[in-house]
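Asker: What follows is a predicted protein model with its sequence.
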Amino acid sequence: MNILLTGGTGYIGSHTAVVLANAGHSVVLLDNFCNSNRSVSERINQITNQMIPCIEGDVRDTGLLVKTLTEFKIEAVIHFAGLKAVGESGQEPLKYYDNNVAGSISLLEAMKQVNVKTIVFSSSATVYGEPQYLPYDEEHPLNPINTYGRTKLQVEEILQDLAKSDPQWRITLLRYFNPVGAHESGLIGEDPNGIPNNLMPYIMQVASGKLPHLNIFGNDYDTRDGTGERDYIHVMDLAEGHLAALSFLQNHQGCETFNLGTGKPVSVIELLSAYEQACGQKLPTKLAPRREGDLPIYYAKPNKAKEYLGWMVTRGVADVSTSSYRWQQMRDGLAAS
Ligand code: NAD
Ligand code: WQD
């Protein structure tokens, strides 16, 4: 199949590109490089031993999308392109609604114009908000507690309405939990700009010596060891989930939602220990106050994805840590050269 990946040089897009290309699909990447760069596409080519087209462009440019969909005879789109910093989304809501919501409308408009009606959308567990019960299943009430989460929910609702308006649409909404880890080659991985907000990239920068210590945001939660618990999913498992979603859509019209998570909560201390094991050193930490807006614990019920997509995770925190460490060493080597 010919598949367009918006945001294809980003963290999850780049790993998905590798999985799809290795499965025999023809992949085209489109990215405006606001949170990535072109060298990622060269490294995807190196891993896959293919020359994957990479177009510089913005999803809000409907004309460019029409041209790209037509030129490459695209049959399905995976829509990763979006902004994802929770804190920034509260400070600059218009930027987030414009990029994430208006950007999605522009893409859907272009797809409709050229009659490409198969799409996989990158949604987030953030759409659930305060847990009414755990694990979250797909029926859990939706009540995002930040602007970023509301942009994701709005796009989900647009896609639901689109599917109702025209039965030809084939849509999956994939709600990712906490993606971590890197491709086993160490050639691609998460590469955030500036000081990371998220736990795993922060740990990696402490291990690199770029940051002095890890702040542990609270150790008095009602969890197994008092620190926050999350559902950390290896990015390669997540990438394989997209392959499974695309094959599901071959035989299903309408709009279907799936959690992509492991179903197993892991604490801050447990993830840190796994990384210390992989890098062979103890990392400095400091206890810090709870971070505003953090939930004590959340994790997925991934049963629906297993039943309908035949997908489940095969990697754990040890794989997450060894692959992340390999990526950290490769990136530190690049920075030093
Ligand atoms: P990322 O920032 O690494 O990748 C997103 C890519 O989209 C970047 O390469 C960026 O340059 C590009 N982009 C952004 N706006 C664009 C635009 N208007 N036009 C073209 N390209 C644009 O993020 P990621 O972690 O790979 O996330 C991919 C998607 O998954 C996002 O939609 C994100 O909201 C969603 N998601 C991520 C997580 C996570 O924790 N990483 C969790 C749940 C959902
Ligand atoms: C995980 C745990 C922190 C950093 C965010 C977004 C969510 C989704 C994934 C996109 C928490 C603790 C963290 C640190 C720490 N993204 N922590 N010290 O907050 O679960 O989810 O990323 O859709 O929308 O909100 O992930 O990695 O920031 O935090 O102690 O320096 O690590 O308190 O318990 P989070 P995270």
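Answerer: Good, I have the coordinates. Numbers count the residues shown, from 1 in each chain. Ligands and ions are numbered 1, 2, ... in the order given.

Asker: Contacts made by stretch 39-46 with the rest, please.
Answerer: Contacts made with stretch 39-46 from outside it, assessed by C-beta atoms under 8 Å, 6 or more residues apart in numbering, are listed as G8, T9, S14, A17, V18, A21, L29, M51, I52, C54, L187, I188. C-beta here means a position set from N, CA and C on the backbone, and glycine is covered the same way.

Asker: Mind doing that once more with 6 Å?
Answerer: Identification of contacts with stretch 39-46 by C-beta atoms under 6 Å, 6 or more residues apart in numbering yields T9, S14, A17, V18, L29, M51, I52, C54, L187, I188.

Asker: By neighbours, which of these wins?
Answerer: Going through the contacts of stretch 39-46 with other C-beta atoms under 10 Å as the criterion, the one with the most neighbours is A17, at 33 neighbours.

Asker: Can you report how many residues lie near the residue of the stretch 201-337 of the chain found nearest ligand 2?
Answerer: Sorted by distance to ligand 2 under C-beta to the nearest ligand atom, the residues of the stretch 201-337 of the chain start with G228, at 2.2 Å. Counted by other C-beta under 10 Å, the residues lying close to G228 total 24.

Asker: What parts of this protein come near ligand 2?
Answerer: Residues of the chain that fall close to ligand 2, judged by C-beta under 6 Å from any ligand atom: 84, 86, 124, 126, 178, 197-199, 202, 214-217, 228, 230, 268, 291, 294.

Asker: can you give me the helices for the stretch 151-300 of the chain?
Answerer: For the stretch 151-300 of the chain, the helices defined by DSSP state H, counting those that start in this stretch occupy 199-207, 235-250, 268-279.

Asker: nope, the stretch 1-150 of the chain is what I was after
Answerer: Listed in chain order (using DSSP H, counting those that start in this stretch), the helices of the stretch 1-150 of the chain are 11-22, 39-48, 62-71, 86-91, 93-96, 103-113, 147-165.

Asker: List the buried residues for the first one?
Answerer: Of the residues in helix 11-22, those with enough neighbours to count as buried (16 or more other C-beta atoms under 10 Å) are Y11, I12, G13, S14, H15, T16, A17, V18, V19, L20, A21.

Asker: Taking helix 199-207 as reference, get the angle to that helix.
Answerer: With axes from the mean of the first three to the mean of the last three C-alpha atoms, to 10 degrees as the criterion, the two stretches helix 11-22 and helix 199-207 enclose an angle of 100 degrees.

Asker: Show me what helix 11-22 is packed against.
Answerer: Under the contact criterion of 3 or more C-beta pairs under 6 Å, 6 or more residues apart in numbering; DSSP states H and E, helix 11-22 touches strand 2-6, strand 26-31, helix 39-48, helix 235-250.

Asker: Are that helix and ligand 1 in contact anywhere?
Answerer: Yes. Where contact is defined by C-beta under 6 Å from any ligand atom, part of helix 11-22 touches ligand 1, namely Y11, I12, G13.

Asker: right, and I233 touches R175 too?
Answerer: No. Under the criterion of C-beta atoms under 6 Å, I233 makes no contact with R175, lying 11.0 Å away.

Asker: Just confirm yes or no for stretch 40-47 near ligand 1.
Answerer: No. Using C-beta under 6 Å from any ligand atom as the criterion, no contacts between stretch 40-47 and ligand 1 are found, and the smallest distance is 7.8 Å.

Asker: and that stretch, how far from the chain's centre?
Answerer: Here stretch 40-47 is found 19 Å from its chain centre; the criterion is C-alpha atoms, centre = their mean, to the nearest Å.

Asker: cool, stretch 29-48 as well?
Answerer: Relative to where its chain is centred, stretch 29-48 has its mean C-alpha point 15 Å off (C-alpha atoms, centre = their mean).

Asker: Alpha carbons of it, in PDB - could you do that?
Answerer: Output in PDB follows, covering the C-alpha atoms of stretch 29-48 (Å, rounded to 0.1, in the frame of the first residue of the first chain):
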ATOM      1  CA  LEU A  29       7.000  11.200   4.700                       C
ATOM      2  CA  LEU A  30       5.800  14.800   5.100                       C
ATOM      3  CA  ASP A  31       7.000  17.100   7.900                       C
ATOM      4  CA  ASN A  32       7.600  20.800   8.400                       C
ATOM      5  CA  PHE A  33      10.600  19.900  10.700                       C
ATOM      6  CA  CYS A  34       9.300  22.100  13.500                       C
ATOM      7  CA  ASN A  35      10.200  19.300  16.000                       C
ATOM      8  CA  SER A  36      12.600  17.100  13.900                       C
ATOM      9  CA  ASN A  37      15.000  17.400  11.000                       C
ATOM     10  CA  ARG A  38      15.700  16.000   7.600                       C
ATOM     11  CA  SER A  39      18.700  13.900   8.800                       C
ATOM     12  CA  VAL A  40      16.100  11.600  10.400                       C
ATOM     13  CA  SER A  41      14.900  10.600   7.000                       C
ATOM     14  CA  GLU A  42      18.400   9.700   5.900                       C
ATOM     15  CA  ARG A  43      18.700   7.400   9.000                       C
ATOM     16  CA  ILE A  44      15.400   5.800   8.100                       C
ATOM     17  CA  ASN A  45      16.800   5.100   4.700                       C
ATOM     18  CA  GLN A  46      19.900   3.600   6.200                       C
ATOM     19  CA  ILE A  47      17.900   1.300   8.500                       C
ATOM     20  CA  THR A  48      15.500   0.200   5.700                       C
END
